[in-house]
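# quick one, fold the following:
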Amino acid sequence: MTNSNSARTDSSALFYIRITASLLIIASLIAVMLAAVNSLTEDRIAENKMIEVTASISALFGEGIETEELTVPGGSIVTGRYKIFANGGLAGYCVRVAPKGFDGEIDMMVAITPEGAVKGVRVISHTETPGLGSKAAEDDYLNTYRGKSGTLVLGEDVDAIAGSTFSSRAIFEGVNAALSCYDGGEA
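I've put the predicted structure just below:
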């Protein structure tokens, strides 16, 4: 009787080893395929992101501009900084920020005049709730930042949107982070 129990235990162990090995091989093949797809699409994704950045800067500053990429400070929500030139002179600065909203990062650009005031704000992408959090990404709200400079105070300089508090606070933090990059003529 012990021989049949021993044989069942051996075949049961062998079964689990085969299942584990099969799953390991399948997972390895999927990982290799994902790595291959990522390497094939990585450049195209970076190119598309740069097209989005260029389109946002053009929307904020107009056509016929030139950009110079600046260094990005560490430990911040700032993900890009650009010096903008038009007609042979300095037109201002553009700072890309990614503050955390209610449902993920809000990727946005903040245009700053050479004097340090907000020229405009543009949301590139977000995953906020449609009809609620997305209200903070609408032009009516973003235009309330125009002309503001220095360190802004929520409730004094701009208000949060009722029902969209997390999202409007995230945009507020993004604009403040962009303005904090402005240092007497250099964003």
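
# would you map the strands across this structure?
In the chain, the strands defined using DSSP state E lie at 65-70, 78-86, 89-97, 107-112, 118-125.

# so of those, which one's packed in deepest?
strand 107-112 (a mean of 25; mean count of other Cβ atoms under 10 Å). For the C-beta atoms, the positions are set from N, CA and C on the backbone; glycine is no exception.

# helices or strands up against that one?
helix 2-61, strand 89-97, strand 118-125, helix 165-181 (3 or more Cβ pairs under 8 Å, 6 or more residues apart in numbering; DSSP states H and E).

# report the distance from it to the chain centre.
11 Å (Cα atoms, centre = their mean, to the nearest Å).

# if we can go back for a sec, can you redo the helices and strands packed on strand 107-112 as TSV with mean pLDDT and distance to residue 67?
As requested, the helices and strands packed on strand 107-112 are exported to TSV (pLDDT from 0 to 100; distance: least, Cβ to Cβ, whole Å):
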stretch	mean pLDDT	distance to residue 67
helix 2-61	85	6
strand 89-97	93	7
strand 118-125	91	14
helix 165-181	89	15
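
# among the ones you listed, which is nearest residue 103?
helix 165-181 (8.3 Å; Cβ to Cβ).

# tell me which residue is most central in the protein.
The residue lying closest to the centre of the chain (Cα atoms, centre = their mean) is residue 107, at 3.7 Å.

# identify the residues contacting that one.
Residue 107 sits next to 79, 96, 98, 123, 124, 125, 126 when contact means Cβ atoms under 8 Å, 6 or more residues apart in numbering.
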